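Asks: fold the following and give me the result.
(one chain, ligands or ions: 1)
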Amino acid sequence: MSFAALRASARRVGSAAPLARASRTALRNPAFRKYSTEASQAPKKSSNAALFGALGVATVGGIAFWVYTSNSDSAKEAGSAVRSGVQSAKAATNFTPTKEDYQKVYNRIAEILDTASDKGYDDGSYGPILLRLAWHSSGTYDKETNTGGSNYATMRFDPEAKHGANNGLNIARDLLEPVKQEFPWISYGDLWTLGGVAAIQELGGPKVPWRPGRIDGFAAQCTPDGRLPDGALGADHIRNVFYRMGFNDQEIVALIGGHALGRCHRDRSGFDGPWTFSPTSVTNEFYRLLLNEKWVWKKWDGPKQLEDKSTHSLMMLPTDYALVQDKNFKKWVKAYADDEQLWFKDFAAAVAKLFELGVPQSQFVTSEPWIMKSSDEK
Ligand code: HEM
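Replies: So this is what the prediction gives:
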């Protein structure tokens, strides 16, 4: 058993045991839940010049054409940013990062994940919120218009940073900012998606194939609000949103298993609580609980959510519950509840696809995605 798997299983609390036996104290102390969204969501200055250079002025030219042909003020602003981007790119083409350089970034992120326990943050890992950042930066993709996705890291800018669905993600962006300062050649889109990969791999999940090539865009490229799913809705809404990104039912169910990690926060989404007793371990527990527990509507003054009848300490969003109400979704919930390895395989493939949404193939620096080493393999 690898170190990561050992650590993950050590984190599992009563995952196979009846809920009543699982210790509530294993969930993190409510006194730690102090985070608010008040921290500044102002966009950070990007110094992506080297990557622009490495990836070719042609792409930048494409953006420039797009912004020059738009009349809005923000497009004009972005136009001048493109001009200076091109100029700085010309001045800074002397560094072409290798796979080893990206591995160093991965390693730094892996170190940061565990600092959460010293800071008393949530359940002791920043992994869940980094995965949410990577997913929200990618899940805005619209296949019809080929807009959104992870390419331009537009959540750095106010229109998108302030979308309700992104509440609290300033914590994850701020956490990765020192990594960006240390490795200024990496684009934000690459950094954020690599953060999602590190979160999954370091918390005992499968290897997620990943490759770099995203470039930083401009505020003018922010996606309209409303592209990310609303947890209060049902199966039709889930399909509308994920079909728009190009996923099928099996991939949708595999992806939402990301709720194996982390929790909802009242001051971010309004919902409250974790999905499993092991919110810092990637396991198929989410599916097993969804199928086997009795879920009842929580009686409270917050938004409609479900809680497990036996301990009242776990939660499901209406969208999670829709996965067992819908026949075709339920088929996959059963398959993943029965076979964790099957879910690992499908989750890794679906996440790899998610993180590449909106990135033109020509931008990737390699045709074959890489497998980054986990910290126990170094
Ligand atoms: C129907 C689709 C989805 C809906 C409606 C949804 C909704 C939500 C909501 C409301 C939260 C709580 C945010 C907070 O209060 O902090 C959350 C957290 C989270 N979501 Fe999702 N989500 C969906 C799909 C996904 C997918 C596809 C992934 C990853 C592959 C994912 C990963 C996470 C993680 C890791 C957290 C925990 C964050 C933390 O602990 O800070 N979600 N999601």
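Asks: please make it C-alpha for all contacts and neighbour counts, starting now.
Replies: Will do.
Asks: format the CA atom coordinates belonging to stretch 237-255 as CSV.
Replies: Taking only C-alpha atoms (Å, rounded to 0.1, in the frame of the first residue of the first chain), the coordinates of stretch 237-255 have been written out as CSV:
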residue,chain,number,x,y,z
HIS,A,237,-30.7,21.0,-14.6
ILE,A,238,-27.7,18.8,-14.1
ARG,A,239,-28.0,17.4,-17.6
ASN,A,240,-28.4,20.9,-19.1
VAL,A,241,-25.3,22.1,-17.5
PHE,A,242,-23.0,19.1,-18.1
TYR,A,243,-24.3,18.3,-21.6
ARG,A,244,-23.4,21.9,-22.4
MET,A,245,-19.8,21.1,-21.4
GLY,A,246,-19.9,17.9,-23.5
PHE,A,247,-20.3,15.2,-20.8
ASN,A,248,-22.6,12.2,-20.8
ASP,A,249,-24.6,10.7,-17.9
GLN,A,250,-21.9,8.3,-16.9
GLU,A,251,-19.3,11.1,-16.8
ILE,A,252,-21.7,13.3,-14.9
VAL,A,253,-22.1,10.8,-12.1
ALA,A,254,-18.4,10.0,-12.0
LEU,A,255,-17.6,13.8,-11.7
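Asks: pull out the buried positions in it.
Replies: Applying a neighbour-count criterion of 16 or more other CA atoms under 10 Å, one finds 238-239, 241-242, 244-247, 249-255 buried in stretch 237-255.
Asks: looking at these, which are in helices?
Replies: Among the buried residues of stretch 237-255, the residues falling in helices (DSSP state H) are 238-239, 241-242, 244-245, 249-255.
Asks: format the residues you listed as JSON lines; extra columns: pLDDT and distance to the ligand.
Replies: Compiled in JSON lines, these are given as follows (pLDDT from 0 to 100; distance: CA to the nearest ligand atom, whole Å):
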{"residue": "238", "pLDDT": "98", "distance to the ligand": "5"}
{"residue": "239", "pLDDT": "98", "distance to the ligand": "9"}
{"residue": "241", "pLDDT": "98", "distance to the ligand": "8"}
{"residue": "242", "pLDDT": "99", "distance to the ligand": "8"}
{"residue": "244", "pLDDT": "98", "distance to the ligand": "13"}
{"residue": "245", "pLDDT": "98", "distance to the ligand": "11"}
{"residue": "249", "pLDDT": "98", "distance to the ligand": "12"}
{"residue": "250", "pLDDT": "99", "distance to the ligand": "12"}
{"residue": "251", "pLDDT": "99", "distance to the ligand": "9"}
{"residue": "252", "pLDDT": "99", "distance to the ligand": "7"}
{"residue": "253", "pLDDT": "99", "distance to the ligand": "8"}
{"residue": "254", "pLDDT": "99", "distance to the ligand": "8"}
{"residue": "255", "pLDDT": "99", "distance to the ligand": "4"}
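Asks: and the two most separated of those?
Replies: Farthest-apart pair in those is 244 and 254; separation 16.6 Å (CA to CA).
Asks: burial count for the nearest residue to residue 208 once chain neighbours are set aside?
Replies: Excluding the flanking residues, the one nearest residue 208 by CA to CA, 6 or more residues apart in numbering is residue 348, at 4.9 Å. For residue 348, the number of neighbouring residues by other CA atoms under 10 Å comes to 22.
Asks: and residue 348, what does it touch?
Replies: Neighbour list for residue 348: 206, 207, 208, 209 [criterion: CA atoms under 8 Å, 6 or more residues apart in numbering].
Asks: assumed it was part of a helix.
Replies: Yes. Checked against DSSP: H, G, I helix; E, B strand; the rest coil, residue 348 lies within a helix.
Asks: what about it, distance to residue 342?
Replies: As judged by CA to CA, to the nearest Å, residue 348 and residue 342 stand 10 Å apart.
Asks: one more: residue 142?
Replies: Summarising the geometry, the distance separating residue 142 from residue 342, computed by CA to CA, is 28 Å.
Asks: which one's more surrounded, those two?
Replies: For residue 142 and residue 342, the more surrounded residue by other CA under 10 Å is residue 142, and the numbers stand at 20 against 14.
Asks: wait, residue 193 touches residue 136, no?
Replies: No. Using CA atoms under 8 Å, residue 193 is not in contact with residue 136; the gap is 10.0 Å.
Asks: can you pick out the residue with more neighbours from these two?
Replies: Between residue 193 and residue 136, counted using other CA under 10 Å, residue 193 has the larger neighbour count: 32 against 24.
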